[in-house]
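1. Below: sequence and its predicted model.
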Amino acid sequence: MKTPGKRAGYGLGCSLLGLLVACGQAPSSEVPAKRSTPPVETTDATTAAPLPAVDSDVVKAAVKGMMDHAYGEAAFDAAKACWKTSFETPNDTLDYCMKVETPKVVRAGNGAQVYLLAYSDTSADLYSQVDPGLMGLMAASLEGNRWTTLASTPKIDMGQAGDCGCRQAELVDVGPERHGWLSEEGGVWQGVPVKQYSLVVPIEGQFQQVASIPQSTESAQGQANVVELDQSGGVVSGMYPLRVKQMRDGKLVKTQSVAFDSQAGRYPWKP
């Protein structure tokens, strides 16, 4: 969380303070479908059609539609290939230019979904050392030639110097045919890296953090946690348990299983 006197790196924690800006449902869009090969993944031909490729017209339309709806169609800067936006901090209004990573196309039931990660462009020359980066997360369902927004959280405060540090976030299976983003967040204070794992999933139209587990801390040098989704474990409310491996000097100390708490809506972590 942000604390006075130093730059916070835990932007998703800030979402608990109301800094997330969730947008509503984007209108569906119809475009001619054009399949490209190879597809993103193969499927059981007896049960479902192949997934559309990331460069297919329907996926391109979903990506552009979600970004336009999140940041404004008129905000697109063709010269910089990014969407201009602003973000309110407690002390100032900051300008950003948001770019988009290659979309992820995944299966959900017999259909497909598109997951999108947007990030603040560090080459935009807009930011000071104390300015946070921004991350945007969006998802849409595909049905034939149509797409419909499932969830959208376009402005998540994280990182520093205008760099969200989020481009390495991994889209993971958090449950049977359910997906979320697993990332490492944090920063460096007095030369010591302090990081945490964060897991966010789409819930009721926006992306919400359901796990926050330290990866490394100032007080436990030489110790680290490694977080994985345990797909062999029991499913609770559609969510796999987490497997947390506690390491010391590169050696495994112990492994903990953390089940999803359906009442709290998150994974409770007790070291």
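-> All right, it came through fine. Numbers count the residues shown, from 1 in each chain.
2. and the next element down the chain from the helix or strand containing Ser141?
-> Using DSSP states H and E, Ser141 sits in strand 133-143. Counting by DSSP H and E, the element after strand 133-143 in chain order, helix or strand, is strand 146-158.
3. Which elements pack onto that following strand?
-> Under the contact criterion of 3 or more C-beta pairs under 8 Å, 6 or more residues apart in numbering; DSSP states H and E, strand 146-158 touches helix 11-14, strand 29-30, helix 57-71, strand 82-88, strand 111-120, strand 133-143, strand 192-203, strand 206-216. Placement of C-beta: from N, CA and C, glycine included.
4. Name the residues of that strand that come out as buried.
-> Residues 146-147, 149-158 are the ones in strand 146-158 that count as buried (16 or more other C-beta atoms under 10 Å).
5. What's the mean pLDDT across it?
-> What strand 146-158 shows for mean pLDDT is 94.
6. Just want the angle from the following helix or strand past that strand to strand 206-216.
-> Using DSSP H and E, the helix or strand that follows strand 146-158 in sequence is strand 170-175. Computed with axes from the mean of the first three to the mean of the last three C-alpha atoms, to 10 degrees, the direction of strand 170-175 lies at 110 degrees from that of strand 206-216.
7. one step back: quick one, which of the helices and strands packed on strand 146-158 is nearest to Trp269?
-> Relative to Trp269, the nearest member of the helices and strands packed on strand 146-158 by C-beta to C-beta is strand 206-216, separated by 4.9 Å.
8. next structured bit after that closest one?
-> Once strand 206-216 ends, the next helix or strand along the chain (criterion: DSSP H and E) is strand 223-229.
9. now that following strand: how far from the chain's centre is it?
-> Computed by C-alpha atoms, centre = their mean, to the nearest Å, the chain-centroid distance of strand 223-229 equals 18 Å.
10. Just the CA coordinates for it, please, in PDB.
-> The C-alpha trace of strand 223-229 is given here as PDB (Å, rounded to 0.1, in the frame of the first residue of the first chain):
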ATOM      1  CA  GLN A 223      14.000 -16.400   2.000                       C
ATOM      2  CA  ALA A 224      11.500 -16.400  -0.800                       C
ATOM      3  CA  ASN A 225       8.100 -17.900  -1.700                       C
ATOM      4  CA  VAL A 226       7.200 -19.500  -5.000                       C
ATOM      5  CA  VAL A 227       3.400 -19.500  -5.800                       C
ATOM      6  CA  GLU A 228       1.700 -22.000  -8.200                       C
ATOM      7  CA  LEU A 229      -1.800 -23.000  -9.000                       C
END
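11. List the contacts of it.
-> Applying C-beta atoms under 8 Å, 6 or more residues apart in numbering, the external contacts of strand 223-229 come out as 172-174, 182, 197, 199, 211, 213-217, 240-248, 253.
12. out of those residues, which are buried?
-> Among those, those scoring as buried are 172, 174, 182, 197, 199, 211, 213-217, 240-244, 246 (criterion: 16+ other C-beta under 10 Å).
13. remind me which residues of the stretch 151-271 of the chain are low pLDDT?
-> Along the stretch 151-271 of the chain, segments meeting pLDDT under 70 span 187-193, 217-221.
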